[in-house]
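Trainee: I would like the atomic coordinates for the input below:
(chains A and B)
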Amino acid sequence: MPKPLPYSSRPTTGLEGRGWQLPGFGRVKLVTAGASAANEADLAWTQGRQHEQRTVAWRWSELLKYRHDRFGIVDTSDRLLSLWCSEPRAPLVLPDKRAYRLDYLEVDPGHLGSSLGTFTMLTVYARALEVGADALILGSLPDSAGFYEKLDGIKGPVPGWKTEIGLIPFTFAKASLLEGLEALNGLQD
Amino acid sequence: MDSKTDKNAAFLALAARAGSPGSSFMAVAHRPGTDGTGAVIAATHDQFINANPGAFEMMQMGADHARALQQMHAYVYAFRATPSFTTTAGSTSVT
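Mentor: Residues are numbered from 1 along each chain as shown, chains lettered A, B, ... in the order given. Sure, this is the predicted structure:
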């Protein structure tokens, strides 16, 4: 079977094109991220990353190519603010839940310290709920674990799923996703 | 407080509680049920291969897949731990 073309898989989502008024950023929207967004992030964000992370080849142009869910948050000038992606087309069926798996997420390093990380996570929550998941799972980099804990992520092993060595597994229960969705909806235009 | 401010309050409270992630990279995950080697390689292989083209060719030619993966894993970790880590084609011997 021939390998699919890059970016040929495209998600269908009711989130695309919706606008939110994000405090500190003005109107923002969610878009399906393609090659141009990936290249923009690779070019614009690399120098802003923390020094120890610059040696890691985290290239969005590679990460997004074959992922089904690939989204960016952009402002009114279409400037890219954050990116995230997930590969599965449907929630993962784990022993005790149907989980949406977040694969990669990065916010523009120039906006660290803002509410952009929280906002971006809420769009992930919304997508998880949209595809029928009753939980969100992810592997956190150690530096970000505290952030996820404060968002009510549950730190610890996820039955049926294994994270990469050195990452910290997190589960977000449906109640947390729904709380986040409500907060997101409050920002809607 | 008008209704819009009231609606924003839920987000602002959540954002204030969460604070900021410690880095711009926030999450990494990979397929369930794997040992993580693939994800490590996927996350680093571009830069690693740019620095070590000979090593990558050796991996591709390896008949013993498990051993090749083990070697690649070792290379990647060495590379991540020491960004200046380099090898020369034909002289690599990490096992």
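
Trainee: Name the SS class of the residue most central in space within chain A, please.
Mentor: Nearest residue to the geometric centre of chain A (CA atoms, centre = their mean): A:W84, 3.4 Å. Classification of A:W84 by DSSP: H, G, I helix; E, B strand; the rest coil places it in strand.

Trainee: which residues touch it?
Mentor: Counting by CB atoms under 8 Å, 6 or more residues apart in numbering or on different chains, A:W84 makes contact with A:R70, A:F71, A:L102, A:D103, A:Y104, A:L105, A:E106, A:T120, A:T123, A:V124, B:A27. Placement of C-beta: from N, CA and C, glycine included.

Trainee: Once you drop chain neighbours, what's closest to it?
Mentor: A:L105 (4.0 Å; CB to CB, 6 or more residues apart in numbering or on different chains).

Trainee: looking at this, that neighbour is in a strand?
Mentor: Yes: assessed with three-state DSSP, A:L105 lies in a strand.

Trainee: Across the sheet, point out what pairs with it.
Mentor: Judged by DSSP bridges, the bridge partners of A:L105 are A:W84, B:A27.

Trainee: now do A:V93
Mentor: A:R98.

Trainee: Before we move on, what's the pLDDT of it?
Mentor: If you check A:V93, the pLDDT there is 92.

Trainee: From chain B, how far out is it?
Mentor: 10 Å (CB to the nearest CB, to the nearest Å).

Trainee: burial of that residue, as a residue count?
Mentor: 9 (other CB atoms under 10 Å in any protein chain shown).

Trainee: Could you list the low-pLDDT ranges of chain A?
Mentor: A:1, A:51-58 (pLDDT under 70).

Trainee: need the helices for chain A, in chain order.
Mentor: Secondary structure of chain A by DSSP state H: the helices cover A:35-44, A:60-63, A:116-130, A:145-150, A:174-186.

Trainee: ok, and does the fourth one reach over to chain B?
Mentor: Okay, so that is helix A:145-150. Yes: using CB under 8 Å from any CB of the partner chain, helix A:145-150 reaches chain B at A:G146, A:F147, A:K150.

Trainee: Just the buried ones from these?
Mentor: The neighbour count (16 or more other CB atoms under 10 Å in any protein chain shown) marks A:G146, A:F147 as buried among the residues of helix A:145-150 next to chain B.

Trainee: any chance of the residues of helix A:145-150 next to chain B in a markdown table, plus distance to A:G14?
Mentor: Output for those, formatted as a markdown table (distance: CB to CB, whole Å):
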| residue | distance to A:G14 |
| --- | --- |
| A:G146 | 32 |
| A:F147 | 27 |
| A:K150 | 28 |
